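**Student:** sequence plus predicted model, see below.
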Amino acid sequence: MRELLRVPGMRLLLAGETTSTFGDWLLLLVLGMWAKTLTGSNTIAGAMALTFAAPSLASPLFGWVVDRFHRRPFLIAANLLSGAALLPLLLVNTRHDVWILYLAGVAYGISFSITGGAFAGLIKILVPDHLIGTANGAFSGIRQSLRLVGPLIGAGIFAAVGGKVVTLIDVASFGVAALTLALIRAPQAPITRGELHWLDEISAGVRHVWRVLALRRTTIAAGVAMLALGAVDTMIYAFIDQGLHRPPTFLGVMVTLQGIGAVLGAVSAPRLMAKLGEVAVMGIGLASFGAALAVVVHPTLLFTLAIAMPISGVGNGVTFVAFSTLMQRRTPGPMMGRVSAATDMVVGGAQTVSMVVGVSIVAVVSFRYVFGIIAVVLLAVGGWLWATRRSTGAVEAVDGTVGPADTAAGEAGGTAGIEHDDGDLVMPPVEPVATAPAG
């Protein structure tokens, strides 16, 4: 960690990430609580999670845009625009204004999509290759540590004075993120503007993911996992209401406890990757999430808070760091935005489909049946990645040739993973592929 802090600009980047992530965690969960409070509907509140994920369907286009600009100036502009996009929330007063909450959720989703790849590219520029895993663990640790307090503080502010104050705090955090980025003196990586048709350039990220065995295999696994897991996000308020018999603001307590596990997962991920490889780490993360959901098929308050939330947090943390490291080490810098967008499209698209199904059935199907099915799928996918971890020990180059094995693969063979801010399998909100300093 000391070596990482000596990297020029890293202290400023960490400060900006701390401030901006605090703002994120204040508002992200409050949007769902706000919708539930205004309407009393679990369906309407659960659909808020869908607004975060839906923009990922356009991720290839976003990735193409990201790769046509220098990373730091692009992130500064993106943060300022993201903050401005939240200002309409100050007009929300009645249940008839819920559509403004949905628009804010879409704006967040777009922000996640466009900043994720740019931030991953900035890390690749600033940080030496051997420190990328440490950097990802540090940023993930910050995000998950703030989850311990952010949701509770956000829920408390919302209960005391309403969502408009939470909105203003988050808007300010976007401004702080932009300021810290402006103070960093990062080298400018060359921008390659290919001669291919723009559609071919957009699909370049998808082709890269397909050619690299570890990325291909784990992205497919991620898509399958999110095709199941996305429904959790839309059913979380039904779980809190019907299963735990608690108010919507109780979600803040749950996510805080999940954050404890996520911090442990984030700080332990670099060592686990060095010993087992990222494929194995991802398998452990997905299986952990499946086990956590299995525990709450028949929910009790004790098992939810003491077992399910911390275990799901561990799975979230290790999975997030594993994929960030894999993607950055196996992707050329000028392609980072498009490759990040390609995985975001697959994972986010699957998540969106799952959320649509979840919103459609939340009123007629018990969350218990849905959680049980999802648990089985996650355990199966995690087990498959563990079983096949040794077959991805060689690194395939961008041109499809096979090179030496990654150091991280070690004797266990294999590096891979997924991450989505969001966003990183999370219950209830999902992190994207790589979270930039975004309020």
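**Tutor:** Noted; the coordinates are in hand.

**Student:** what average pLDDT does the strand or helix carrying residue 137 get?
**Tutor:** If you go by DSSP states H and E, residue 137 is part of helix 132-147. Averaged across helix 132-147, the pLDDT comes to 78.

**Student:** which SSE is immediately downstream of it?
**Tutor:** Assigned by DSSP H and E, the successor of helix 132-147 is helix 150-161.

**Student:** doesn't residue 211 make contact with residue 342?
**Tutor:** No - contact criterion C-beta atoms under 8 Å: residue 342 and residue 211 do not qualify, at 11.3 Å. All C-beta spots, glycine's among them, are computed from the backbone N, C-alpha and C.

**Student:** neighbour-wise, which of those two wins?
**Tutor:** A count of neighbours by other C-beta atoms under 10 Å puts residue 342 above the other of residue 342 and residue 211, at 29 against 15.

**Student:** the helix or strand containing residue 175 to helix 150-161, inter-axis angle?
**Tutor:** Assigned by DSSP H and E, residue 175 falls within helix 163-183. For helix 163-183 against helix 150-161, the angle by axes from the mean of the first three to the mean of the last three C-alpha atoms, to 10 degrees is 140 degrees.

**Student:** contacts for helix 163-183 next, please.
**Tutor:** With C-beta atoms under 8 Å, 6 or more residues apart in numbering as the contact definition, helix 163-183 has outside contacts at 12-13, 15-17, 19-20, 22-24, 26-27, 30-31, 33-34, 72, 75-76, 79-80, 82-84, 86-87, 89-90, 92, 154, 157-158, 436-439.

**Student:** pLDDT weak spots in the stretch 301-439 of the chain?
**Tutor:** For the stretch 301-439 of the chain, applying pLDDT under 70 flags the ranges 333, 392-439.

**Student:** where do the strands sit along it?
**Tutor:** 394-396, 402-405 (DSSP state E, counting those that start in this stretch).

**Student:** in ChimeraX, how would I select just the buried ones from the contacts of helix 163-183?
**Tutor:** Burial among those is assessed by 16 or more other C-beta atoms under 10 Å; the matching ChimeraX selection reads:
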select :12,13,15,16,17,19,20,22,23,24,26,27,30,31,33,34,72,75,76,79,80,82,83,86,89,92,154,157,158,436,437,438,439
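
**Student:** so, low pLDDT: which residues of the stretch 101-250 of the chain?
**Tutor:** In the stretch 101-250 of the chain, residues with pLDDT under 70: 186-202.

**Student:** please redo it, this time with the cut-off set to 90
**Tutor:** The stretch 101-250 of the chain contains residues with pLDDT under 90 at 105, 107-156, 159, 161-163, 181-223, 225-250.

**Student:** going along the chain, name the helices of the stretch 251-400 of the chain.
**Tutor:** Listed in chain order, the helices of the stretch 251-400 of the chain (DSSP state H, counting those that start in this stretch) span 251-276, 278-295, 301-303, 309-329, 336-361, 367-387.

**Student:** Serialize those to a markdown table and add fields for distance to residue 227.
**Tutor:** Shown next, in a markdown table, are the helices of the stretch 251-400 of the chain (distance: least, C-beta to C-beta, whole Å):
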| stretch | distance to residue 227 |
| --- | --- |
| helix 251-276 | 21 |
| helix 278-295 | 13 |
| helix 301-303 | 26 |
| helix 309-329 | 16 |
| helix 336-361 | 4 |
| helix 367-387 | 8 |
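
**Student:** sorry, back to before: CA atoms only: put the helix holding residue 175 into CSV for me.
**Tutor:** Coordinates of each C-alpha in helix 163-183 appear next as CSV, following Å, rounded to 0.1, in the frame of the first residue of the first chain:
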residue,chain,number,x,y,z
GLY,A,163,-34.4,13.4,-0.2
LYS,A,164,-33.6,16.9,-1.5
VAL,A,165,-30.9,17.5,1.1
VAL,A,166,-29.4,14.1,0.2
THR,A,167,-29.5,15.2,-3.5
LEU,A,168,-27.6,18.4,-2.8
ILE,A,169,-24.9,16.5,-0.9
ASP,A,170,-24.4,14.1,-3.8
VAL,A,171,-24.3,16.9,-6.3
ALA,A,172,-21.5,18.5,-4.2
SER,A,173,-19.6,15.3,-4.2
PHE,A,174,-19.6,15.2,-8.0
GLY,A,175,-18.0,18.6,-7.8
VAL,A,176,-15.3,17.5,-5.4
ALA,A,177,-14.5,14.5,-7.6
ALA,A,178,-14.1,16.8,-10.6
LEU,A,179,-11.8,19.2,-8.6
THR,A,180,-9.5,16.4,-7.4
LEU,A,181,-9.2,15.0,-11.0
ALA,A,182,-8.3,18.5,-12.2
LEU,A,183,-5.5,18.7,-9.7
